[in-house]
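A.B. asks: Give the three-dimensional model of this entry:
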Amino acid sequence: MLQSGNGLRALTGRRVAVVGAGPGGLASALLLARAGIHVTLFEKDSQVGGRTKTVSAPGGYKFDIGPTFFLYPQILADIFASCGERLEDHVKLERLDPQYHLVFEGESGISGTIRATGDIARMEQEIARLAPDDAKNVQAFFTENRTKLEYFKPILQQAFHTLRSLASPAMLAALPYLHPGRSVDRDLKRYFADPRVRLAFSFQTKYLGMSPFRCPSLFTILSFLEYEHGVYHPVGGCGAVSDAMAGLAGRMGVDLRLNTSVERVLFDGKRANGVVADGETFNADAVLINGDFAKVVRALVPERHRPRWRDAKIQKARLSCSTFMLYLGIEGNMPESLGHHTILLAEGYEKNIREITEGTLPMQPSLYVQHAGYTDGGMAPPGQTALYVLVPVPNLKSGIDWAAQRASYRALIMERLKLLGIADLESRIRYERIIDPTQWEEDFAVHEGATFNLAHDLMQMLYFRPHNRFGPGLYIVGGGTHPGSGLPVIYEGARISARLLIEELAGARAAASAGIPETAPLATSREAS
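C.D. replies: Numbering: from 1, shown residues only. A predicted model of the protein is given here:
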C-alpha cells in the first residue's frame, strides 16, 4: 500500500505518540501510519471517538453523545483514499432530504417553518412561503458563497505559525471576499430581509458555539456547505465513523491503547520526546495531542513549554457556549412532522443568544432535537424512540449553579418540546440521561464546559489560534487549534498537523509521498454517498 520513496524510508523506525482517539487523533494516526511511522494511540476511555461516539443505553437505545450529523465527507474520504481504502466501504452515509425542519416561534405560537433542502428550487419555494422577495435572492447568496469558499479553502489548509503567514498569497486573494468587519447576520441582510430567513442561513454559527450577530461573516460558508454538499447521517450513529477509523488504524499497525491515561508529556530540553501513560514512560520522536485544548494542554504540558499560551492567557481566552443535553429513551413513536433533525428557533432569538453570551440562562431557549430513528431504525428497538435534545446555554464562567437549576431547566425543556408536537413524554420515558455544563467539564474534560472550544472571533483564528505545531516535536489537533471546530475542519486540521510532523521528521518530500502535499486537496467535485 505504501510507496517506499526516499522520504518515507527516512521515517522507518520513527515513533509517534498520539494522545486522544477523538476525530483529530484518529485521522492523524491514519495519516502518520500511512507514512510508515509507528503510531501508538493512547485513549483514556474504553471507546474511541471522544465526544464523537455513539453509546448504547439500557433498553436498547443508542445515542450520539456530541455531533449528530456529518458534513462535507470528502475530506475524510480523501484521508481514507490516501490509505488505499474507500470510505463508503466502511461507513454508510445517508444524505438527508430535507436536511432539517426549522420551526420559528412567534408571539402566539409557531410563526412559520422551513423544510430545509439542498434542492435549490424547492428551497426557494420554502422561503417564498415566508418571504417571497427573499426567495428571489437565494441563487445570488449561493453564487457569492461558492466563490467565498473557493478562496477560503486554501486558508483552511494552510498552517499559520508566523505573522507573515497572514499575508500569504491565499490570504491576500481571499480578503476581498471575507469582509472581516461584518457579522454573519449583517452579511445576510444584503440578501434576506426576513429575520427568519436569515436564521435559516445563520443558525449554523452555533456549530462554533457563537452568535450570528457576532460571528465573522466568512462563516456564511457553513450554511452554504450544508445546502451545496449535503447533511449526512452515518448509519449506526456518528460513532460508526470513529469506529471505522479505529478499525482501519488497527489494520495499518497503529497500536491503540484504550483505558490508558496520559499523565504528562516528556521533554528533552525544549523538544517533546515522549509521554508518561499510566505510570509508564513511552519514548517517541514526536507527540501529537488531541483533546480539548484549554483542558488537556494545561494538564499535560508544563507552562514553560507553551510560552504563547500560558495559564493566564488560557484563562482569559474567549470560549464558546455550552449545552444542556437530554438523551431520552421513549416508548412509542414520534409525530411524523418531527423529521430527523428539528430546530426550534425562539421568538426572541437575538435576545436568547445575547443572554447566553452574557452568561444568563435563557428562559425561552431555542433547542435542537434529533430523532435518528426517522432515518435509521437501528437507533432504538421497534416501537421505541431514541430522542436527543440539545439546548445552547452559557458555559461555566457564568457561575450558574447547575445543581440548583438542573431539575427546573429540564422541566422547562420538556414544556418547550410541546411546541414541536412532542407531548405526553413523561409517562413514556424508559431511559434518561442529562449532561449539563458541569458534566461536560467533569466527565468529558471540556474546559469550563465550553462544548465548542475556543470562540472563533477574529483574534482567536488563524495565527492567533493555537498553532498545529505547538513546539519542537509537539503537535496538537482538534477544535481548539487551527483551523477550528466542526468535524470536516478538524479532519483538515489533522492533515495540517500530520504534514508538519512528517516534514519535521523527514522533510516535505516525505509528506508528499505520504499523500499529504503542502496544500492538501479539498475537492468539491465529488461527494461520498
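
A.B. asks: now Thr52: how far from Glu442?
C.D. replies: The gap separating Thr52 from Glu442 is 19 Å, by Cβ to Cβ, to the nearest Å. Where you see a C-beta, it was placed from the backbone N, CA and C, and this is true even at glycine.

A.B. asks: what does Gln125 give?
C.D. replies: Gln125 sits 47 Å away from Glu442 when distances are taken as Cβ to Cβ.

A.B. asks: same question, Tyr100
C.D. replies: Look at Tyr100 and Glu442: by Cβ to Cβ, they are 31 Å apart.

A.B. asks: now swap in Glu94 and tell me
C.D. replies: As judged by Cβ to Cβ, Glu94 and Glu442 stand 34 Å apart.

A.B. asks: quick one: which of these two has more around it?
C.D. replies: Per other Cβ atoms under 10 Å, whichever of Glu94 and Glu442 has more neighbours is Glu94, with 16 against 10.

A.B. asks: So that one lies in a strand, does it not?
C.D. replies: Yes: using DSSP: H, G, I helix; E, B strand; the rest coil, the secondary structure at Glu94 is a strand.

A.B. asks: Quick check: chain neighbours aside, which residue is closest to it?
C.D. replies: His233 (4.7 Å; Cβ to Cβ, 6 or more residues apart in numbering).

A.B. asks: so that neighbour is in which element?
C.D. replies: Assigned by DSSP states H and E, His233 falls within strand 231-234.

A.B. asks: That strand pairs with which strands?
C.D. replies: Strand pairing for strand 231-234, using DSSP bridges, gives strand 70-71 (antiparallel), strand 93-95 (antiparallel).

A.B. asks: following the shortest one, which helix or strand shows up next?
C.D. replies: Proceeding N to C from strand 70-71, the next assigned helix or strand is helix 74-82, under DSSP H and E.

A.B. asks: Tell me which other helices or strands that following helix touches.
C.D. replies: Packing partners of helix 74-82 (3 or more Cβ pairs under 8 Å, 6 or more residues apart in numbering; DSSP states H and E): helix 23-34, helix 487-506.

A.B. asks: What segments of the stretch 251-400 of the chain are strands?
C.D. replies: With DSSP state E, counting those that start in this stretch as the definition, the stretch 251-400 of the chain shows strands at residue ranges 255-257, 262-268, 271-277, 280-283, 286-290, 322-331, 341-345, 367-371, 384-393.

A.B. asks: Deepest-packed of the ones you listed, please.
C.D. replies: The highest average neighbour count among the strands of the stretch 251-400 of the chain, using mean count of other Cβ atoms under 10 Å, belongs to strand 286-290 at a mean of 29.

A.B. asks: can you list contacts of that one?
C.D. replies: 14, 16-25, 28, 32, 50, 265, 272-275, 296-297, 300-301, 470, 473-478, 497-498, 501, 504-505 (Cβ atoms under 8 Å, 6 or more residues apart in numbering).

A.B. asks: just for the protein, where's the confidence low?
C.D. replies: Applying pLDDT under 70 to the chain picks out residues 1-8, 508-515, 517-529.

A.B. asks: Please enumerate the helices of the stretch 1-150 of the chain.
C.D. replies: For the stretch 1-150 of the chain, the helices defined by DSSP state H, counting those that start in this stretch occupy 6-9, 23-34, 74-82, 120-128, 132-135, 138-157.

A.B. asks: Can you tell me which of the ones you listed is nearest to Gly383?
C.D. replies: Nearest to Gly383, of all these, is helix 120-128, at 31.8 Å by Cβ to Cβ.

A.B. asks: Output the contacting helices and strands for the closest one.
C.D. replies: Under the contact rule (3+ Cβ pairs under 8 Å, 6+ apart), helix 120-128 is packed against strand 109-116, helix 132-135, helix 138-157.
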